[in-house]
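Q: Give me the fold of what follows.
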Amino acid sequence: MTILLLFLILSLGSFALLSKDLLHSVIALSALSMLSALMFTMLKAPDVAITEAAVGAGISTIIFVWAIRHTRRRSKD
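A: Modelled structure (predicted):
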C-alpha cells in the first residue's frame, strides 16, 4: 500500500510540473496534498495530516484557483 501511495504522489507531482494547463496542475497538487495527508495518517501523525489536508488541499487550492481566474490568457493571434 505504501509503495502504491508513493508512486501516486510521484506521478501527480510530475504531472503538475509537466502540465501545460495551470488549472490541471492545481488539481494535481490538491490531490497530491490529500495523498500526503493519507500518508501522514498511515505514519500515525494525525495532527500533521489534518494540517496538510486543510492547508495543502483546502486553502492553497482556493487561492491558486482564485489567482488563475483573475489572470488573462494571452493567445498568439
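
Q: Run a quick neighbour tally on the nearest residue to Ala28 once chain neighbours are set aside.
A: Spatial nearest neighbour of Ala28, chain neighbours left out: Ala16 (4.0 Å); criterion: C-beta to C-beta, 6 or more residues apart in numbering. Yep, even glycine has a C-beta here, placed from its N, CA and C like the rest. When neighbours are defined as other C-beta atoms under 10 Å, Ala16 has 18 of them.

Q: change the start of the numbering to 57 and stick with it
A: Done: numbering now begins at 57, and the last item shifts to Ala72.

Q: element containing Ala72, please.
A: Mapping Ala72 onto the secondary structure by DSSP states H and E places it in helix 58-74.

Q: Report the contact partners of the residue nearest to Ala84.
A: Ala72 is in contact with Ser81, Ala84, Leu85, Leu88, counting by C-beta atoms under 8 Å, 6 or more residues apart in numbering.

Q: Turn the residues you listed into a markdown table, including distance to Phe96 and pLDDT.
A: As requested, these are exported to a markdown table (distance: C-beta to C-beta, whole Å; pLDDT from 0 to 100):
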| residue | distance to Phe96 | pLDDT |
| --- | --- | --- |
| Ser81 | 22 | 95 |
| Ala84 | 19 | 96 |
| Leu85 | 16 | 95 |
| Leu88 | 13 | 96 |
